[in-house]
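>>> how would this look folded up:
(chains A and B)
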2 protein chains.
Amino acid sequence: MAVQITTLDNGLRIATDPMAELETAAVGVWVDVGARNEDASLNGISHVLEHMAFKGTERRNALQIAEEIEAVGGHLNAYTSREQTAYFARILKNDLPLAVDILADILQNSTFAAEELERERTVIIQEIGQTKDTPDDLVFEHFQLAAYPDQPLGRSILGTEEHVSRFARTTLQDYMGTHYRGPGMVLAAAGGVDHEQLVDLATKAFDSLPSDRGNQVLKAQYQGGQHFEERALEQVHYLMGFEGLSYDDDDFYAAQILATVLGGGMSSRLFQEVRERRGLAYSVFAFSSSYVDSGNFGVYAGTAQGDVEELVPVLCDEINRAAVDINEQETSRARAQHKAGIMMGLEAAGARAEHLGRQLQVFGRVIPPSELVEEIDKVDAAALRRVAARITKTPLTVAALGPINKLEALEITANRFR
Amino acid sequence: MAVQITTLDNGLRIATDPMAELETAAVGVWVDVGARNEDASLNGISHVLEHMAFKGTERRNALQIAEEIEAVGGHLNAYTSREQTAYFARILKNDLPLAVDILADILQNSTFAAEELERERTVIIQEIGQTKDTPDDLVFEHFQLAAYPDQPLGRSILGTEEHVSRFARTTLQDYMGTHYRGPGMVLAAAGGVDHEQLVDLATKAFDSLPSDRGNQVLKAQYQGGQHFEERALEQVHYLMGFEGLSYDDDDFYAAQILATVLGGGMSSRLFQEVRERRGLAYSVFAFSSSYVDSGNFGVYAGTAQGDVEELVPVLCDEINRAAVDINEQETSRARAQHKAGIMMGLEAAGARAEHLGRQLQVFGRVIPPSELVEEIDKVDAAALRRVAARITKTPLTVAALGPINKLEALEITANRFR
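Numbers count the residues shown, from 1 in each chain, chains lettered A, B, ... in the order given. Below you'll find the model as predicted:
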């Protein structure tokens, strides 16, 4: 692996990870802005901006953007998370100049034409409706709201219909001007790419980015609590968790491996106890997600209405038990899963470009696979037990959606961790 | 590319696609059995069998199966479709012998212990519940039911709670004995693999497969019709389609490229008209799926309750218009998308193993990428217009789920194609 990184005068970092044998490439821009940069009146604007970036520039209308990339067999996509917004293309390797030109164009010269904005509002409102119809996604929104009340990190990335209907064109332009700045952006590419070529292309194409840093985000205030929604569904979609670990926590890797031991594969504790022994769920898993200054650690299960009374104490028992009796054998198995996952990720251009973009944003550097493997190898069972004990001392958050009449109150569940 | 294929005496075909630069491998078994092999009393049994294959053999219990593969960082997965059942592993390349040993064990020596079967029934019933809570999946089941009434191809792959609760252990064993036979199975691997090694491993491991062919399936009788379900959702999940093309149809590739022109990317007709110009949906796409003797061609959109009256005529207009005025420029763009997709798929071990397994099952041979590209290059705008005209002469199928009180009757929609 020969990752190279160059920083332009305007602060834009350019990272490449060439894979000589590939005929295709992945290239994208990762911007350090997302839903947690939005105050209450701006909820959803990062995501609206992501949509509007595809709606026309001074040189291309929306159809031309789509046609140009698809005419060469490529495709464009984008996502908005709570801390980042990303725009990326998958292409044949000779089409890198076109992809960079389009990415630079939509991120610097979007016009936000009034009629395009009006139409796109309705598309986003349809997207909000679709999310509301997807209970195993929606319950994660409920969790976030309860964990981080009254602050940007707790609000939906999509915002509300009211917000989306209201943003003015100038508000979008101001928000983009504030947050899309060279030092907060990374242009990353992997696959059939050459670093010098990408630097040349980017130096010319990204010539109008502001070179000073944008605003910082408010510190996260994890609080915990509950958000229950009664709905006529087949299953109770149930999510329970705690404050987890930030990216810079010494136990960051241990938290991820704990999630694997607890609920990361067929041999995990939750899969075995909840699904294999008790048949209480088809989908059950644990997760460890991080922010720059906070994180979430939790477990999800979808269960039948009548099974929720059995499910909740079992989930609590398994989390409590993890703090006491995780052993070296299962820790070793989880380490092996993470290390193999790194090897598999290295084989995909898209995953490698994403790795560059996200790591430069989060850690300020690209962590080599060999270092990731070293960090994983350092994690032992004691570290996992320590993390499990630590997270369960934070306030509990519970989110549930479905036929929840048999679901116990938050205080009862919280008492299971005392 | 150097695909090699060997057929064992028992009929098992072994295919490899080595990728010398990879440290990992994908290996799996594709079996020519699925929901369309099930008569009414056996609905769901292929899928139950897929689950039970992980529940213990003479040498390993369920936990040991999971632990052995995950201890080396690998993972096992499986799926059941209407015509195939697949079991596969992703592993580091040196663990190929272990993966083959486990696959051979679970496919030849599963014991279907009574207590495991009882527990797994409840897991599958939870899975059925989860699918019912996922409207954009469920509407495809509704479509299938309306398109192929009163026949195996129309029924749900998961079966019903009643069926799943009932299958006896001996019924599962009989079904497996009937349908898991050498000539109907393919062992395929890609990535860091060696053909001779895999043949050696498989010759020893797959030594108890019956060597005669299983039963043939009933011919599909596409009929068309409607399946509407009123439900309190945010969106109407709407799926409209026709009988499509079987795998051996001369226009098989043209049908896939037609789906791309109509609704396969941001520059497609449906994306532009339904989403970009009218804001009627966030998700809208076209699909062409094939069976050995039939197929489906259709379009999906999720739309707000009040938008369905505008949506349906627009979808019909776009399908009708495709038969008249698809031009060479958009056809060329769709060809480029398909060809780039082939290149991207070639870079992933999992996709290449899947390609081997499925193509040997469907076509009896592995189609080289160069031939796929040639076939795609042969497709012109006239072929797409011809396919569009042809499919719209078949009976219409409509499935819808959600707040459908404003949805027009099937006959009205059908008349839009006359």
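>>> count of residues packed around the residue of the stretch 151-300 of chain A found nearest chain B?
Relative to chain B, the nearest point of the stretch 151-300 of chain A is residue A:279 (3.1 Å; CB to the nearest CB). C-betas here are computed from N, CA, C, even on glycine. Using other CB atoms under 10 Å in any protein chain shown, residue A:279 has 20 other residues around it.
>>> which residues does it contact?
B:119, B:120, B:121, B:122, B:123, B:126 (CB atoms under 8 Å, 6 or more residues apart in numbering or on different chains).
>>> hmm, 7 Å instead?
B:119, B:122, B:123 (CB atoms under 7 Å, 6 or more residues apart in numbering or on different chains).
>>> I'd like those laid out as TSV, including pLDDT, neighbour count and secondary structure.
Formatted as TSV, the contacts of residue A:279 follow (pLDDT from 0 to 100; neighbours: other CB atoms under 10 Å in any protein chain shown; DSSP: H, G, I helix; E, B strand; the rest coil):
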residue	pLDDT	neighbour count	secondary structure
B:119	95	17	helix
B:122	96	19	helix
B:123	97	21	helix
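>>> of those, list those near chain A.
When contact is defined as CB under 7 Å from any CB of the partner chain, the contacts of residue A:279 meet chain A at B:119, B:122, B:123.
>>> Which single one of those is nearest to chain A?
Distances from chain A to the ones next to chain A among the contacts of residue A:279, taken by CB to the nearest CB, are shortest for residue B:122, at 3.1 Å.
>>> Apart from its chain neighbours, what residue comes closest to that closest one?
Leaving aside its chain neighbours, residue B:122 sits nearest to residue A:279 (3.1 Å; criterion: CB to CB, 6 or more residues apart in numbering or on different chains).
>>> where in the stretch 1-150 of chain A is pLDDT low?
The stretch 1-150 of chain A contains residues with pLDDT under 70 at A:1.
>>> Contact partners for residue A:402?
Here residue A:402 is in contact with A:135, A:231, A:233, A:235, A:236, A:237 (criterion: CB under 7 Å, 6+ apart).
>>> try 10 Å this time
A:135, A:139, A:228-238, A:302-305, A:308, B:129, B:133 (CB atoms under 10 Å, 6 or more residues apart in numbering or on different chains).
>>> Can you give the domain ranges for chain A?
A:4-205, A:225-415 (automatic domain parsing).
>>> Between those, which one is closest to residue B:344.
Evaluated over these, closeness to residue B:344 peaks at domain A:4-205, with 5.3 Å, by CB to CB.
>>> Return the distance of that closest one from the chain's centre.
13 Å (CA atoms, centre = their mean, to the nearest Å).
>>> From one end of it to the other, what's the distance?
19 Å (CA to CA, to the nearest Å).
>>> Restricted to helices, list the contacts of residue A:402.
A:135, A:139, A:308, B:129 (DSSP state H).
>>> Make JSON lines out of these and add distance to residue A:259 and neighbour count.
Below are the ones in helices among the contacts of residue A:402 laid out as JSON lines (distance: CB to CB, whole Å; neighbours: other CB atoms under 10 Å in any protein chain shown):
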{"residue": "A:135", "distance to residue A:259": "22", "neighbour count": "24"}
{"residue": "A:139", "distance to residue A:259": "17", "neighbour count": "23"}
{"residue": "A:308", "distance to residue A:259": "22", "neighbour count": "22"}
{"residue": "B:129", "distance to residue A:259": "25", "neighbour count": "22"}
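>>> Would you mind giving the secondary structure of residue A:208?
At residue A:208 the chain is in coil, as set by DSSP: H, G, I helix; E, B strand; the rest coil.
>>> what about it, how many neighbours?
11.
>>> Stretch A:180-194: end-to-end distance?
OK, stretch A:180-194 end separation, CA to CA: 25 Å.
>>> Now it: buried residues?
A:180-193 (16 or more other CB atoms under 10 Å in any protein chain shown).
>>> Once you drop chain neighbours, what's closest to residue A:137?
residue A:131 (5.8 Å).
>>> Burial check on the one you found, number of neighbours?
With other CB under 10 Å as criterion, residue A:131 counts 18.
>>> so what's it up against?
A:137, A:138, A:140, A:141, A:156, A:157, A:158, B:234, B:235, B:282.
>>> I figured the fifth one hits residue A:44, correct?
Yes - counting by CB atoms under 10 Å, residue A:156 does reach residue A:44; the two are 7.2 Å apart.
>>> Pick out whichever of the two has more residues nearby.
residue A:44 (24 against 18).
>>> Next, work out how far apart the closest residue to that one other than its chain neighbours and residue A:47 are.
With sequence-adjacent residues excluded and distances taken as CB to CB, 6+ apart, residue A:44 is closest to residue A:159, at 1.7 Å. Residue A:159 is 7 Å from residue A:47, where distance means CB to CB, to the nearest Å.
>>> what are the phi and psi angles of the residue positioned nearest the centre of chain A?
Against the mean C-alpha coordinate of chain A, by CA atoms, centre = their mean, the closest residue is residue A:81 at 5.2 Å. Residue A:81 adopts backbone torsions of phi -120, psi -170, taken as degrees, to the nearest 10.
>>> Check residue A:225 too.
phi 140, psi -160.
>>> Next, count neighbours for it.
18.
>>> Now do the SS call for residue A:10.
coil.
>>> Isn't it up against residue A:187?
No - contact criterion CB under 10 Å: residue A:10 and residue A:187 do not qualify, at 11.4 Å.
>>> residues bridging contact with those two, i.e. touching both?
In contact with both residue A:10 and residue A:187: residue A:206, using CB under 10 Å, 6+ apart.
>>> starting at the chain centroid, how far to the strand or helix carrying residue A:257?
Assigned by DSSP states H and E, residue A:257 belongs to helix A:252-263. Here the centre of mass of C-alpha atoms in helix A:252-263, compared against the chain's by CA atoms, centre = their mean, lies 17 Å away.
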